[in-house]
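Novice: only the shape, not the letters, is given here:
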Ligand code: ATP
């Protein structure tokens, strides 16, 4: 693969190549785990099935997520190794806009990697960053993955956890938290367990969320609550699968043309 600077902007796979390159760089800098590359590969295959665009159901979930974050009393944004490589500035910008702390939360935890991600976020202007000094345990998870921070994820009412794994997501929901995730697989356990599932690429979802929070910050609470009451995550997941079927059907028909 050519180096980043050598990929022309006009390349038809420019966005996808840039994303890959950022993850490879993340591995090189010690913020992304090798398994993060495999997760991205799976995500890319699913992104292809929705045409690599934000679909209507994804936009609806993003709107609900923005409303939930604006209404939350103590929201927290969780950052793993892939999010740190792909959307670190956007995670910090979103956290600062809603006045929420960030918490580093990685699947294969090493203290060195947690510290590198926390330092990266602080260097980008983050306010409070938890994760490097966990002082609480999420019930139902093994020791390393249960680690959380009081004042952070452990006490949050709403947790934004892009690219979370199913077990942890389930454990957070069992604690009574509302969980917002970004996952290109509408059938994963994470997608089915979360309160709001955004079936979109994290590199599109974060800029969308930032714009939506800006746009909706002026709306009154009653209006935001009404939007959330009318939101049906199961229906949004079904429509996301339908988007994949219809995109595939369209591509299939085009093979005859
Ligand atoms: P689960 O435990 O929820 O059933 P899993 O074990 O299949 O999920 P993981 O390997 O924990 O999945 O996480 C990878 C998930 O993240 C996959 O579902 C993949 O589609 C999704 N994913 C990977 N890269 C991206 C991305 N850039 N944007 C959005 N989703 C992504």
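Specialist: Happy to help now that I have it. All values reported here derive from a predicted model rather than from experimental measurement. Numbering: from 1, shown residues only.
Novice: nearest residue to the middle of the protein?
Specialist: residue 162 (2.0 Å; C-alpha atoms, centre = their mean).
Novice: let me see the contact set for the nearest residue to that residue once chain neighbours are set aside.
Specialist: What sits nearest to residue 162 in space, not counting adjacent residues and going by C-beta to C-beta, 6 or more residues apart in numbering, is residue 182, at 3.9 Å. (Glycine included, C-beta is placed from N, CA and C.) Applying C-beta atoms under 8 Å, 6 or more residues apart in numbering, we find residue 182 in contact with 162-163, 198, 200-202, 205.
Novice: next one: residue 212
Specialist: So residue 212 contacts 62-63, 65-66 (C-beta under 8 Å, 6+ apart).
Novice: the strands in this structure, which residues?
Specialist: Along the chain, counting by DSSP state E, strands occupy 75-79, 102-104, 129-130, 136-137, 147-148, 158-160, 178-182, 196-198.
Novice: do you know which of these lies nearest the ligand?
Specialist: strand 178-182 (5.1 Å; C-beta to the nearest ligand atom).
Novice: the protein against the ligand: which residues are in contact?
Specialist: For the chain, the residues in contact with the ligand (C-beta under 6 Å from any ligand atom) are 39-40, 42-43, 46, 163, 165-166, 182-185, 188-190, 201-202.
Novice: okay, the residue nearest to residue 162 and residue 123: tell me how far apart.
Specialist: For residue 182, the distance to residue 123 equals 23 Å [C-beta to C-beta, to the nearest Å].
Novice: which of the residues of the chain next to the ligand are buried?
Specialist: Neighbour-count burial (16 or more other C-beta atoms under 10 Å) is assigned, among these, to 39-40, 43, 46, 163, 165, 182-185, 188, 190, 201-202.
Novice: and the least confident of these?
Specialist: Least confident entry in those, by pLDDT: residue 165, with 89.
Novice: wait, what's in contact with that residue?
Specialist: 107, 190.
Novice: for it, grab phi and psi.
Specialist: phi -90, psi 160 (degrees, to the nearest 10).
Novice: start the count at 32 instead of 1 going forward.
Specialist: From this message on, residue numbering opens at 32, which makes the last subject residue 196.
Novice: measure stretch 194-214 end to end?
Specialist: 6 Å (C-alpha to C-alpha, to the nearest Å).
Novice: list the buried residues of that stretch.
Specialist: 194-196, 198-203, 206, 208-214.
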